[in-house]
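> No letters, just coordinates:
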């Protein structure tokens with residue numbers, strides 16, 4: 001039932017609050033005029049291969065960063081690279097948003113959670129069985145899924161909508177584009193749930209258990225903080241932002257408050273996260289650039 005609920009909320013998030021991020025990825029990083037079927041296939045294929053490798057390794061990876069780098073590769077190749085959008089708006093957000101997530105959860109863990117826990121108010125057994133806590137956890141999880149839809153679905157929908165608009169000679173605004181957005185989201189959103197069911201177990205385990213074990217109260221705070229930052233990034237600025245990194249930063253923040261920095265950063269899972277987050281966008285960029293060059297030389301672009 002969880003992936004089913006997740007898929008529904010992802011779809012609603014994409015439809016209600018996802019247009020800004022889709023516009024960024026579909027128009028602002030590269031001109032829709034060159035977004036042919038071949039080029040979109042190269043971009044999404046490069047992202048898919050990179051994420052598949054990360055899933056096999058069991059490291060939750062940002063599809064946002066891989067998508068931005070995969071789109072940037074043909075933009076560089078065709079001399080359309082939007083350096084201002086990338087380096088002034090998007091990349092700084094990738095550092096500021098996780099840092100904000102870390103700070104908020106660290107302060108919460110140190111000054112709210114730890115004192116309450118020491119006084120015996122947050123016993124895991126009592127909280128985990130309380131109906132109200134269970135309900136809040138489900139609601140927060142649905143909120144996270146909605147936020148994912150507002151941001152991460154655009155990684156696939158943006159290039160597809162851009163390509164389709166160009167092929168049908170429709171403007172990137174208006175009713176025609178809105179219909180394309182709906183159809184693209186209908187295709188893309190359910191696959192988030194399918195992917196989570198089939199390939200998500202290792203990433204879930206490494207994120208949920210590999211950093212430190214946390215209870216229902218921490219889970220509620222982590223979900224609320226990360227989903228809120230992601231949704232704000234989507235609605236206010238249309239900036240593609242990594243939920244994976246927001247989530248990991250929030251978990252690390254509470255973990256550091258509870259267990260200390262040394263105990264958290266010595267953990268293997270955390271070290272693997274940072275390595276994969278650096279390598280994966282490079283793989284996506286290299287694949288996309290190499291395939292763009294190859295297909296262009298073959299005369300298909």
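Yep, that arrived. Here the structure is a predicted model, which is why all the values come from computation and not from measurement.

> show me where the stretch 201-301 of the chain has helices.
201-208, 216-232, 243-259, 261-265, 268-297 (DSSP state H, counting those that start in this stretch).

> Which among those helices is found nearest to residue 119?
Shortest distance between residue 119 and these, using Cβ to Cβ, is found for helix 216-232: 13.3 Å. Just so you know, the C-beta spots here come from the backbone N, C-alpha and C atoms, and that holds for glycine as well.

> between the closest one and helix 243-259, what angle do the directions make?
Between helix 216-232 and helix 243-259, the angle comes out at 140 degrees (axes from the mean of the first three to the mean of the last three Cα atoms, to 10 degrees).

> contacts for helix 216-232?
With contact meaning Cβ atoms under 8 Å, 6 or more residues apart in numbering, helix 216-232 is reached by 13, 17, 97, 100-101, 104-105, 108-109, 113, 122, 124, 127-128, 133-134, 136-137, 140-141, 143-144, 146-148, 150-151, 214, 241, 243, 246-247, 250-251, 254.

> buried set for it?
Buried residues in helix 216-232, counted by 16 or more other Cβ atoms under 10 Å: 216-231.

> again, but for stretch 79-92
Going by 16+ other Cβ under 10 Å, stretch 79-92 has these buried residues: 81-82, 85-86, 90.

> deepest of the helices of the stretch 201-301 of the chain, which one?
Highest mean neighbour count of the helices of the stretch 201-301 of the chain: helix 243-259, a mean of 24 (counted as mean count of other Cβ atoms under 10 Å).

> For that helix, name the packing helices and strands.
helix 91-108, helix 131-151, helix 201-208, helix 216-232, helix 261-265, helix 268-297 (3 or more Cβ pairs under 8 Å, 6 or more residues apart in numbering; DSSP states H and E).

> Does residue 190 touch residue 7 like I think?
Yes - between residue 190 and residue 7 there is a contact at 5.2 Å, judged by Cβ atoms under 8 Å.

> And those two? Which one has more around it.
residue 7 (20 against 16; other Cβ atoms under 10 Å).

> Wait, that one touches residue 186, no?
No - the pair residue 7 / residue 186 is not scored as a contact, 11.0 Å apart, by Cβ under 8 Å.

> Among the buried residues of stretch 79-92, which ones are in helices?
Of those, none are assigned to helices by DSSP state H.

> Please identify which of the residues you listed is nearest to residue 28.
residue 85 (5.4 Å).

> Can you give me the neighbour number for the closest residue to the closest one other than its chain neighbours?
Leaving out its chain neighbours, the residue that sits closest to residue 85 by Cβ to Cβ, 6 or more residues apart in numbering is residue 28, at 5.4 Å. Neighbourhood size, residue 28 [other Cβ under 10 Å]: 17.

> Next up, phi/psi of residue 28, please.
Main-chain dihedrals, residue 28, degrees, to the nearest 10: phi -80, psi -30.

> Report pLDDT for it.
pLDDT recorded at residue 28 is 88.

> Look up how far residue 239 lies from it.
Separation of residue 28 from residue 239 (Cβ to Cβ, to the nearest Å) stands at 10 Å.

> Is it possible to get CSV of the helices of the stretch 201-301 of the chain that adds distance to residue 36 and mean pLDDT?
CSV is the format used below for these (distance: least, Cβ to Cβ, whole Å; pLDDT from 0 to 100):
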stretch, distance to residue 36, mean pLDDT
helix 201-208, 32, 59
helix 216-232, 31, 91
helix 243-259, 30, 88
helix 261-265, 45, 76
helix 268-297, 10, 88
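
> quick one: the closest residue in space to residue 240 that isn't next to it in sequence from residue 56, how far?
Nearest non-adjacent residue to residue 240, counting by Cβ to Cβ, 6+ apart: residue 64, 4.4 Å away. Using Cβ to Cβ, residue 64 is found at 20 Å from residue 56.

> the more surrounded of these two?
Applying other Cβ under 10 Å to residue 64 and residue 56 shows that residue 64 carries more neighbours, namely 28 against 10.

> what sits against that one?
By Cβ under 8 Å, 6+ apart, the neighbours of residue 64 are 151-152, 155, 240-243.

> List the residue ranges of the protein that fall below the pLDDT cut-off.
Along the chain, the model assigns pLDDT under 70 to residues 3, 120-129, 170-178, 189, 192-193, 199-213, 267-269.

> and the closest residue to residue 214 other than its chain neighbours, what does it touch?
Nearest residue to residue 214, sequence neighbours excluded (Cβ to Cβ, 6+ apart): residue 254, at 6.4 Å. By Cβ under 8 Å, 6+ apart, the contact set of residue 254 is 105-106, 108-109, 113, 214, 218, 221-222.
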